[in-house]
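**Student:** here's a sequence, model it:
(chains A and B)
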Amino acid sequence: MSLQVPPPDDREVRRLAKQFRYPPTPDLVGTRQRAFGRARPGGRRLLWAAALLGLALLVAFSVPSVRAGILDFFQIGAVRIFPTSPAGTPRPTLTAAPPVPGLFDLAGETTLESAREQIPFPILLPSYPPDLGEPDRVYVQMDGPMVILVWLDPSGKAPALSLHEIAPGSITLTKMEPHVIQETQVNGDYAVWATGVYVLELRNGDRDFRRLVNGNTLIWRAGEITYRLETQLPLEQALKIAESLH
Amino acid sequence: MPQPQGSEPEQIALARQGDPAAWESLMTAHQEAVFRMAYLLLGDPDDAQDAAQEAFLRAYSSLPRFDLHRPLRPWLLRIVTNLARNRLRSAGRYFAALARYARAEPEALIQAGPEQPADSQALWRSVRRLPPEAQQVIYLRYFLEMSEAEIASTLNVAAGTVKSRLHRALARLRQIIQRDFPELKDVF
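**Tutor:** Sure, this is the predicted structure:
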């Protein structure tokens, strides 16, 4: 952005902000105690658990995309999850040869540096685990736009971790019938954890790319960007990775 | 008001083990900042209280994963900011229309609150016309008086990014003030 005028003297901003008057801070501790009562130590955990469950349900039903999704599918940002496949869709199993390509068959492979020049939003990287390093493979799909980051396992032949970062646009990802779907949070944002063998379909207009996924996936949205983390790690570790993005 | 028991990491560790006094002490220490951030973003004391309450609820549920060697406040502020922004974006044509109305005339959504000095009120109204990311960094730096390091931790960005966001936010703020808030032109 070209600055036509110098920014304001921030001492004045600071002075006026300091004069700003707030409503009295409510006693949130007292409110919580009145709501739940002074329970016994064991009982308090149950009350918190019940409150959290109620909150999770309230959050789920208050978001219309999720509310509608409980009927047919969940949607978070660019990702749509069908708990049961649309009629006529065969359920994938690992006993059959994979009918679809894998991550390495994606088009648009590039370098991280080049991806940063092409993608219009900041590409975030996890800082956990501490020795993860930069991704080994990077793919860019400009129609979304979307970037896919892939970290390889020690053999260098298979993905250990992949992260999709998707801006709102024409790309949608559809997951058919993952085995388990669980609600959770990433940095306070609603998130979904899906596990099992399922077909992931990436659709953009008349182009359709499908691949088989066998593992765990964490999906969440932060701001306008949808994130999809694919891993063999359990939920606790996946959440640590997700919450370390910077 | 419960007295602090040890350092913040010690209190967090106790809260993780289910010590209610430890968690209540942490809430008491941070509820003012959390509530005020919600109020700045939402403009309504009742909505702000709801958002602040929900933020602590979510923080408590995520506490086992929180790195207790990090300060708690930036994390709490990030949670309540996300919640407040979700409320402004949230479901239904009514809220979408309300949010559009707020962007056009943000002062219309400022509900009953304490009477403000005129200049401070005008400053708030002008800040509310900024994009959400710019509002956030202005509130954290000038209204909640956080350091650039604390803001970097809240936003999960580098310190240099905070500087550049502040610079851009102030430049846009000045343009808004010069265009829409003549009462502040002499101040700047």
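**Student:** helix or strand next in line after the worst-scoring helix or strand of chain B on mean pLDDT, which one?
**Tutor:** Taking mean pLDDT, DSSP states H and E as the measure, helix B:92-104 is the helix or strand of chain B with the lowest mean score, a mean of 45. Helices and strands here follow DSSP states H and E; after helix B:92-104, the next one along the chain is helix B:118-127.
**Student:** which strands and helices sit next to that following helix?
**Tutor:** Secondary-structure packing of helix B:118-127 (3 or more CB pairs under 8 Å, 6 or more residues apart in numbering or on different chains; DSSP states H and E): helix A:10-18, helix B:159-180. Backbone N, C-alpha and C define where each C-beta goes, glycine included.
**Student:** what lies in contact with it?
**Tutor:** The list of residues contacting helix B:118-127 from outside it, by CB atoms under 8 Å, 6 or more residues apart in numbering or on different chains, reads A:13, A:16-17, A:19-21, B:40, B:106-107, B:110, B:116, B:135, B:138-139, B:173, B:176-177, B:180-181, B:183-184, B:187.
**Student:** same deal with stretch B:143-160?
**Tutor:** Under CB under 8 Å, 6+ apart, the answer for stretch B:143-160 is A:17-18, A:20, A:187, A:245-246, B:33, B:36-37, B:40, B:70-71, B:73-75, B:77-78, B:81, B:136-137, B:140-141, B:161-163, B:165-166.
**Student:** one more time with 6 Å
**Tutor:** A:17, A:246, B:33, B:40, B:74, B:77-78, B:140, B:162 (CB atoms under 6 Å, 6 or more residues apart in numbering or on different chains).
**Student:** in helices, which of these fall?
**Tutor:** In this view, those that belong to helices under DSSP state H are A:17, B:33, B:40, B:74, B:77-78, B:162.
**Student:** among the residues you listed, which pair sits farthest apart?
**Tutor:** In these, two members sit farther apart than any others by CB to CB. They are A:Ala17 and B:Arg78, at 20.2 Å.
**Student:** what stretches of chain B score poorly on pLDDT?
**Tutor:** Residues of chain B that meet the criterion pLDDT under 70 lie in B:1-5, B:88-113, B:186-188.
**Student:** quick one: the helices in chain A?
**Tutor:** Ranges of helices in chain A, per DSSP H, are A:10-18, A:28-36, A:41-62, A:64-71, A:112-118, A:235-243.
**Student:** what are the buried residues along stretch A:123-135?
**Tutor:** Across stretch A:123-135, burial judged by 16 or more other CB atoms under 10 Å in any protein chain shown covers A:123-126, A:135.
**Student:** of those, which is the nearest to chain B?
**Tutor:** Set against chain B, the nearest of the buried residues of stretch A:123-135 by CB to the nearest CB is A:Leu124 (8.5 Å).
**Student:** around chain A, pick out the residues from chain B.
**Tutor:** Residues of chain B that fall close to chain A, judged by CB under 6 Å from any CB of the partner chain: B:18, B:20, B:24, B:27-28, B:31-32, B:35-36, B:45, B:49, B:52-53, B:57-58, B:61, B:65, B:79, B:82, B:91, B:113-114, B:116-117, B:119-120, B:123, B:142-143, B:156, B:170-171, B:174, B:187-188.
**Student:** nearest to A:Ala191, of the helices and strands packed on helix B:118-127?
**Tutor:** helix B:159-180 (24.3 Å).
**Student:** list the contacts for B:Pro74?
**Tutor:** B:Pro74 neighbours (CB under 6 Å, 6+ apart): B:150, B:153-154.
**Student:** got a winner among those for most neighbours?
**Tutor:** The most crowded member of those is B:Thr154, carrying 24 neighbours; neighbours defined as other CB atoms under 10 Å in any protein chain shown.
**Student:** could you check how far that one is from chain A?
**Tutor:** Per CB to the nearest CB, to the nearest Å, B:Thr154 is found 11 Å from chain A.
**Student:** output the strand or helix carrying that residue as PDB, restricted to C-alpha atoms.
**Tutor:** B:Thr154 belongs to helix B:148-155 when elements are defined using DSSP H and E. Output in PDB follows, covering the C-alpha atoms of helix B:148-155 (Å, rounded to 0.1, in the frame of the first residue of the first chain):
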ATOM      1  CA  GLU B 148       5.100  -5.700  20.600                       C
ATOM      2  CA  ALA B 149       6.500  -9.100  21.900                       C
ATOM      3  CA  GLU B 150       3.200  -9.800  23.700                       C
ATOM      4  CA  ILE B 151       1.200  -8.800  20.600                       C
ATOM      5  CA  ALA B 152       3.500 -11.100  18.500                       C
ATOM      6  CA  SER B 153       2.600 -13.900  20.800                       C
ATOM      7  CA  THR B 154      -1.100 -13.200  20.700                       C
ATOM      8  CA  LEU B 155      -1.200 -13.000  16.900                       C
END
